Structures are given as structure tokens and as C-alpha cells.
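Asker: Sequence first, predicted coordinates after that:
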Amino acid sequence: MVKTDFSGTFLNTETCNNEDVGVVLSEGKIISKTSATGKPYTALEIDVEVNSKKLTYVVFDPVGKVLQKAWGLDSADWVGKQFRCEHVHYTSYGNKKVRVDISPLVEKK
């Protein structure tokens, strides 16, 4: 039997469940993207692991600010840090969608 998986290589609602825990694997890289309106912008893309699967996560700006506050400005310091996945419902251009946000798991002192 061959277990098939067509969920892709990005962290999304098919590759993680709400409340799953993952770990950051790389400091990432800045990538160039284009918005739905054609406007160019940059984003941080990091490698993560969730449910024993290595995936790519494009850090959404508000999520990035939360990660910076918890783990610092240098994404190299994020490597090895754990996070929790959250399925977030939103509307974009009149269409209902779901994305995955991540939130840092911070050790209690």
C-alpha cells in the first residue's frame, strides 16, 4: 500500500490541525511576492516541521511581529523554537478562506 499525500509542502490547513505543535528549522529567507492587486512585496519564508513533516511557512506580518516579540528580531534565534498552529478564518476580496497562523510556545520562567 502506498500512502498518498497531495497536501503540498507549505504549512496549511491540510498539513496541520488546529493546535498542532511545530518547530522552526531555519532562519529562513526573504522572498519576493506579488499581491492579488499586482503590487510587489517581500515576505519571510521559514522551514518548519509539524507532525514529522518538513514544510515551508510564509510569515504573515502580524504573526512575524508576535514571533519577534517572543523570540527576538534575528530569525536565526528562532531555530529550534516551538510554536502552536491555529486555523484562522478570514475574508479576502469577498471570499471566505482559512489560513494557518503560528504562535510561539514560550517556556515559563
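Answerer: Sure, I can see it.

Asker: Would it be right to say that residue 69 lies in a helix?
Answerer: Yes - counting by DSSP: H, G, I helix; E, B strand; the rest coil, residue 69 is found in a helix.

Asker: what's the burial count for it?
Answerer: 11 (other Cβ atoms under 10 Å). (Each C-beta comes from the backbone N, C-alpha and C, glycine too.)

Asker: Quick check: it vs residue 78, distance?
Answerer: 12 Å (Cβ to Cβ, to the nearest Å).

Asker: Equivalent analysis for residue 100, please.
Answerer: With Cβ to Cβ as the criterion, residue 100 and residue 78 are 17 Å apart.

Asker: who's in contact with the residue positioned nearest the centre of the chain?
Answerer: The chain has residue 57 as the residue nearest its centroid, 3.6 Å off, counting by Cα atoms, centre = their mean. For residue 57, the contact set (Cβ atoms under 8 Å, 6 or more residues apart in numbering) comprises 10, 11, 45, 46, 47, 48, 100, 102.

Asker: looking at the sheet around it, what are its partners?
Answerer: residue 46 (DSSP bridges).

Asker: Show the pLDDT at it.
Answerer: Note on residue 57: pLDDT of 98.

Asker: What of residue 76?
Answerer: For residue 76, the predicted pLDDT is 97.

Asker: ditto for residue 108
Answerer: 53.

Asker: And for residue 37?
Answerer: Residue 37 is given a pLDDT of 89.

Asker: Start the count at 490 instead of 1 going forward.
Answerer: All set: I'll call the first residue 490, so the last point we hit is now residue 526.

Asker: Give me the neighbour count for it.
Answerer: What residue 526 shows, counting by other Cβ under 10 Å, is a neighbour count of 6.

Asker: Equivalent analysis for the one 5 residues further on, please.
Answerer: Residues lying near residue 531 (other Cβ under 10 Å) number 9.

Asker: From the contact counts, what lies against whichever strand or helix holds it?
Answerer: Per DSSP states H and E: residue 531 is located in strand 529-539. Packing partners of strand 529-539 (3 or more Cβ pairs under 8 Å, 6 or more residues apart in numbering; DSSP states H and E): strand 510-513, strand 518-523, strand 542-548.
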